[in-house]
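A.B. asks: I need the structure of the sequence given here:
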Amino acid sequence: MDLLSKCPPTPNCICSEFKSDNLHFIDPILYSKEQSDIVIQKIKTTLQALNGKIISENETYIAAIFTSDIFGFVDDFEIRIDEDQQKIHIRSASRVGRGDMDANKKRATEFKTKLESTL
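C.D. replies: As a prediction, this is how the structure comes out:
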């Protein structure tokens, strides 16, 4: 089981893997065993609804990118499904810059809200 990467010390990243990282932590998404068969499809549908472009995936991991409308900045969005714990971990981080005006936190929160409403 590979964990998602830790966030750098800059404020332009959010991640649910490392609870002790108060600056960057967001709660993971929980799901039930009964939902295991639909989790991947629901994640992909939610990413696409938010205009994310999936660039890589396997049974327990999805990598996507989001591009800002105005300046074309690219943010990486990763998802790791922990089937043993029934948790969906997320990480959203800017590729460049130091600050992101909370764009990654807002995106992760919006993703969580939309996904949880479909599970």
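A.B. asks: from K87, how far out is Q48?
C.D. replies: Distance, Q48 to K87, by Cβ to Cβ, to the nearest Å: 22 Å. Just so you know, the C-beta spots here come from the backbone N, C-alpha and C atoms, and that holds for glycine as well.
A.B. asks: higher neighbour count, the two?
C.D. replies: Neighbours around Q48 and K87, counted as other Cβ atoms under 10 Å, are more numerous at K87. The numbers are 17 against 12.
A.B. asks: which residue is the nearest non-sequential neighbour of the more buried one?
C.D. replies: P28 (4.2 Å; Cβ to Cβ, 6 or more residues apart in numbering).
A.B. asks: please, where are all the helices along the protein?
C.D. replies: 39-49, 103-118 (DSSP state H).
A.B. asks: and those helices as a markdown table, adding distance to K6 and mean pLDDT?
C.D. replies: Putting the helices of the chain into a markdown table (distance: least, Cβ to Cβ, whole Å; pLDDT from 0 to 100) gives the following:
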| stretch | distance to K6 | mean pLDDT |
| --- | --- | --- |
| helix 39-49 | 22 | 97 |
| helix 103-118 | 14 | 96 |
